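1. I'd like to go over a predicted model; first the sequence, then the structure.
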Amino acid sequence: MGQIQKAMILAAGRGVRMRELTNEKPKPLIPVLGKPIIDYIVEKVIRYGIPSLVVNLCYKGEMIRADLEKYQAQLNIDFSEEETALETGGGVKNALPLLGEKPFFVINADPLWLDKSTSVFEQLETAWDDEKYDVVLALIPLSEAFGAVGNGNYFIENHQPRRKKPEETNAPFMFMGVQIIHPRVFKEVDSSQTVFSLRDIYDTAQAKNRLGFIVYDGTWYHIGTPEALAITENKLSKKE
């Protein structure tokens, strides 16, 4: 267990790229080898010893709430309700009253990962420096990323991460959808801005040289499409 006491899972989106798979259930509940994606993530949170979890809900959120009831004895789970999806940045901003004033983990609801050495949470905490960073991202080399990966989205230049520009075709690293964020970054967001991406937060931190990173040493799967789900299940079944 580390020093960070809270984590948030971003579970409010519809997951439209999953097509008909999300007609009847929200994307975080799509099973991978028989277990919902979000269950894998919650169990990693529990295993690391984080005592408090926040989950934002919108599309079919009652189904996610019902699924997570089985974990309530193992950690405290609070839910942040959204009438309409607020995107990643808006979702975290809306949940700040539940997250407090200290750094917290934020985790997307569609990746799975296999630790090779230490937990990704431990690797992030080891890199975290409250004086130096506002955000620390977990990045992974494209060679260890599977599923809906694309052409990468981050470079590492002069020991700092830089997000791929629109005119750039390829980047050697992918953001894993796992990070540490300090809530102070949201004080710079206009109070009227409710729907926005966390990418805006990363770009602000990058411009101030306050964006940190780790290069994760495990394997990562992004379940963004039905095809990616099939790839993930095939690879994970061979590892079991």
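-> That came in fine, so what should we check first? Predicted, not measured: the structure shown is a model, and the values here were computed from it.

2. right, and the helix or strand after the helix or strand that residue 7 is a member of?
-> Residue 7 is located in strand 6-10, with elements delineated by DSSP states H and E. Helices and strands here follow DSSP H and E; after strand 6-10, the next one along the chain is strand 31-32.

3. How far off centre is that next one?
-> With CA atoms, centre = their mean, to the nearest Å as the basis, strand 31-32 stands 17 Å off its chain's centre.

4. hang on, the earlier thing: can you dump the C-alpha coordinates of the strand holding residue 7 into PDB?
-> Listed next in PDB are the C-alpha coordinates belonging to strand 6-10 (Å, rounded to 0.1, in the frame of the first residue of the first chain):
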ATOM      1  CA  LYS A   6      -8.100   7.500  -3.300                       C
ATOM      2  CA  ALA A   7      -8.600   6.300  -6.900                       C
ATOM      3  CA  MET A   8     -11.300   7.100  -9.500                       C
ATOM      4  CA  ILE A   9     -12.500   4.900 -12.300                       C
ATOM      5  CA  LEU A  10     -14.000   6.700 -15.300                       C
END
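
5. From residue 73, how far out is residue 46?
-> 10 Å (CB to CB, to the nearest Å). (Glycine included, C-beta is placed from N, CA and C.)

6. neighbour-wise, which of these two wins?
-> Applying other CB atoms under 10 Å to residue 46 and residue 73 shows that residue 46 carries more neighbours, namely 14 against 6.

7. quick one, what contacts the more buried one?
-> By CB atoms under 8 Å, 6 or more residues apart in numbering, residue 46 lies in contact with 71, 74-75.

8. Now, of the residues you listed, which are buried?
-> In those, burial by neighbour count holds for 71, 75, counting by 16 or more other CB atoms under 10 Å.

9. coming back round to it: return the list of strands paired to the strand holding residue 7, each annotated with direction.
-> Partners of strand 6-10 in the sheet, by DSSP bridges, are strand 52-57 (parallel), strand 104-108 (parallel).

10. Contacts for it next, please.
-> Contact with strand 6-10 is made by 28, 38, 41-42, 45, 50, 52-56, 88, 91-92, 95, 99-100, 102, 104-109, 121, as judged by CB under 8 Å, 6+ apart.

11. go on, stretch 122-132?
-> 2-4, 48, 103, 105, 136, 138, 178-180, 182, 210, 212-214, 216-217.

12. Could you list which of these belong to strands?
-> 105, 136, 138, 178-180, 212-214 (DSSP state E).

13. The helix or strand residue 96 falls within to strand 104-108, inter-axis angle?
-> In this assignment (DSSP H and E), residue 96 forms part of helix 87-99. Relative orientation of helix 87-99 and strand 104-108, computed by axes from the mean of the first three to the mean of the last three CA atoms, to 10 degrees: 140 degrees.

14. Helix 87-99 - contacts with which helices or strands?
-> strand 6-10, strand 52-57, strand 76-81, strand 104-108, helix 198-207 (3 or more CB pairs under 8 Å, 6 or more residues apart in numbering; DSSP states H and E).
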